[in-house]
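Novice: Mind folding the following:
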Amino acid sequence: MGDDLRAAIVQDDATGRVLMLGWMDEEALALTRSSGVVHFYSRSRQRLWRKGETSGNTLHVIELTLDCDGDAVLVRVSADGPTCHDGSTSCFTPWLWRKILQRDAAGTDDSYVVATLGAGTSRAARKVGEEAVELAVAALSEDDERVVSEAADLWFHTLLLLRSRGLDPAAVEDELRRRDR
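Specialist: All right, here's what the predicted structure looks like:
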């Protein structure tokens with residue numbers, strides 16, 4: 001068990017989004033094929049595990065494909081919930097979103113993220129409104145550096161607003177993809 005590990009790239013079948021990377025030995029691969037639910041070999045725990053065994057966020061196999069030399073596998077799935085242990089849709093989330101999640105989880109009193117989220121959605125929504133106006137004003141009358149700065153503020157506060165509502169930015173991406181059809 002654990003010998004001859006191959007990388008398992010897990011991809012959402014509906015969106016094409018890469019959800020995670022795990023490791024499979026022959027036993028994990030066989031269990032995944034036979035059960036239709038993704039299993040991995042945990043290098044840190046030195047044992048097999050079924051994705052979702054503690055979180056309930058199971059990955060259901062749609063298609064399993066080995067690469068040309070058999071040392072990697074692409075697993076296209078339908079997910080029951082977030083894939084990442086931090087509650088994100090994907091383990092490959094943007095840096096800023098991961099930073100917001102980390103600060104929220106840490107819960108330190110001196111964190112702007114924690115204070116804003118603690119004040120509720122209305123505070124985050126007000127900040128989005130303020131930052132949107134500041135960006136519009138900067139775009140009409142200030143230099144590019146100021147426009148970028150205000151856009152960063154708006155982007156950050158929009159992510160805080162999503163977090164305050166329990167939404168993942170991946171939902172916004174999915175909506176934009178849906179509109180592109």
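
Novice: For the chain, just list every one of the helices.
Specialist: Here the chain has its helices, by DSSP state H, at 26-35, 95-106, 112-118, 121-141, 144-164, 169-179.

Novice: Contacts only, for the nearest residue to Arg50 once chain neighbours are set aside.
Specialist: Nearest residue to Arg50 in three dimensions, chain neighbours excluded: His39, at 5.1 Å (CB to CB, 6 or more residues apart in numbering). Where you see a C-beta, it was placed from the backbone N, CA and C, and this is true even at glycine. By CB atoms under 8 Å, 6 or more residues apart in numbering, the contact set of His39 is Met24, Ala28, Leu31, Thr32, Leu48, Trp49, Arg50, Lys51.

Novice: Give me the buried positions along stretch 172-180.
Specialist: Residues of stretch 172-180 classed as buried under the neighbour-count rule (16 or more other CB atoms under 10 Å) are Asp174.

Novice: What distance do you get for the residue nearest the centre of the chain to Val77?
Specialist: Nearest to the mean C-alpha position of the chain, by CA atoms, centre = their mean, lies Ser90 at 3.0 Å. Counting by CB to CB, to the nearest Å, the separation of Ser90 from Val77 is 12 Å.
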